[in-house]
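Student: Could you look at this predicted model? Sequence included:
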Protein chains: 2
Amino acid sequence: MGLTKTEIFTLEQNQISSIAKVFGHPARVAILQHLFKIDSCICGDLVDEIGLAQPTISQHLKELKKIGLIKGNITGTSICYCIDKENWSKMKTILTVFLDQDIIDSNNCC
Amino acid sequence: MGLTKTEIFTLEQNQISSIAKVFGHPARVAILQHLFKIDSCICGDLVDEIGLAQPTISQHLKELKKIGLIKGNITGTSICYCIDKENWSKMKTILTVFLDQDIIDSNNCC
DNA sequence: TTATTATATTGCAATATTACGATTAAATAT
DNA sequence: ATATTTAATCGTAATATTGCAATATAATAA
């Protein structure tokens, strides 16, 4: 065990949880916020900015890249990361549909 | 290790990631969707509905309760669960601020 | 070529999560 | 009192995640 039973859930449920999982670590939230804040691309000072070791940041970047929220651009020895705006927008739509559900205000027991 | 360094992040970053973490499992997404769909409270048929063992569902409910997204109401031998609308709304605000960030469309390298 | 710089990968230890069988607890029914 | 029903808790196995030191890789500089 320790293995999520993905196959018993809908595509939508798996999509929502996959996206949310990536947001489920403060370092990844911090990275994304920083990429949004800087109006140009950030070229690797995330390690100083956030305060985790370089391999750790690299690992978090990998997960953000894997799900498509950021993309990197090689410039010399460094890599420029930025938000993938198109995918960010798609992701936002998926999450917003979930968050904007609303309850019929009747027959509630609590 | 294996331990998130909460102390180096802002309250907001930790709040966002805590909420997202709870959404980071399809079973919890499914539970929330079901509680939204049913106009009255569901009283424990979540086990049949979702297809995980009773202790597993109970564990997921506990996490949803811990963060305040649902609340339970004892009626006889069963328990009625429903969305905590006030907290859902608060949570939505926190996440929406994060999701609605936008990039100044300049100086981007990628 | 030989540094230097920047990032990725590997390997590993510590901790967390997921899932469920077995059991317990608490309320109702007989 | 004794079942029955429903949900929580305990214990445990399997897997995942987090974090970092060490190392590798890849591009540029000297």
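Tutor: On my side now, so go ahead.

Student: Helices of chain A, residue ranges please.
Tutor: Listed in chain order, the helices found in chain A under DSSP state H are A:11-23, A:26-37, A:46-50, A:54-66, A:85-99.

Student: What's the mean pLDDT across the longest one?
Tutor: So that's helix A:85-99. Average pLDDT, helix A:85-99: 96.

Student: got the angle for that helix vs helix B:26-37?
Tutor: In terms of direction (axes from the mean of the first three to the mean of the last three Cα atoms, to 10 degrees), helix A:85-99 departs from helix B:26-37 by 50 degrees.

Student: right, is helix A:85-99 up against chain B?
Tutor: Yes - counting by Cβ under 8 Å from any Cβ of the partner chain, chain B has neighbours in helix A:85-99: A:85, A:92, A:95, A:96, A:98, A:99. For glycine as for every other residue, the C-beta is placed from the backbone atoms N, C-alpha and C.

Student: Show me the strands paired with the least confident helix or strand in chain A by mean pLDDT, marking each as parallel or antiparallel.
Tutor: For chain A, using mean pLDDT, DSSP states H and E, the weakest element among its helices and strands is strand A:70-75, scoring a mean of 89. According to DSSP bridges, strand A:70-75 forms sheet pairs with strand A:78-83 (antiparallel).

Student: Tell me how far the strand it pairs with lies from the chain's centre.
Tutor: Strand A:78-83 sits 15 Å away from the centroid of its parent chain (Cα atoms, centre = their mean, to the nearest Å).

Student: count of neighbours near the closest residue to DNA strand D within chain A?
Tutor: Residue of chain A nearest DNA strand D, by Cβ to the nearest atom of the strand: residue A:2 (2.1 Å). Residue A:2 has 3 neighbouring residues, counting by other Cβ atoms under 10 Å in any protein chain shown.

Student: Alright, I will stop here.
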